[in-house]
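**Student:** Test case, fold it:
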Amino acid sequence: MPVSPAEDGVVVDLVVGDAVFVSLIRDDQSGAADPFLRILDPLGVGVAMDNDSGGGRDAAVSFVAGQSGVFTVLYSSLGAFEDGLLKIFVN
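**Tutor:** Numbers count the residues shown, from 1 in each chain. This is a model prediction of the structure:
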């Protein structure tokens, strides 16, 4: 999956078998953002994505690393709900 110029990201160094939970929530005081998450493996292949599993319009993804290396967590806001602040948590 190519990275969109509208996406921001963080990298996470994982070891095969690491369980990861990522949540992306909107800051209710900042607007109507609609969080969207994508996770790319070290080769740039999409392994997970989510739009609304975090409750309301918030996004959440759980996955287990299938290989060791640097994974990329991409985050953005969808559609007409592009304005607003987003908070990302990676555990």
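
**Student:** Quickly run through the sheet partners of the helix or strand hosting residue 21, with directions.
**Tutor:** Element membership for residue 21, per DSSP states H and E: strand 19-26. Here strand 19-26 has these sheet partners by DSSP bridges: strand 59-64 (antiparallel), strand 86-90 (antiparallel).

**Student:** Could you list the buried residues of that strand?
**Tutor:** 20, 22-26 (16 or more other Cβ atoms under 10 Å). In this view, the C-beta of every residue, glycine as well, is placed from N, C-alpha and C.

**Student:** For those, give me TSV that also has pLDDT and distance to residue 64.
**Tutor:** As requested, the buried residues of strand 19-26 are exported to TSV (pLDDT from 0 to 100; distance: Cβ to Cβ, whole Å):
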residue	pLDDT	distance to residue 64
20	90	7
22	89	13
23	86	17
24	83	19
25	78	22
26	75	27
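
**Student:** Where does pLDDT dip in this structure?
**Tutor:** Within the chain, the stretches with pLDDT under 70 are 1-7, 28-32, 79-89, 91.
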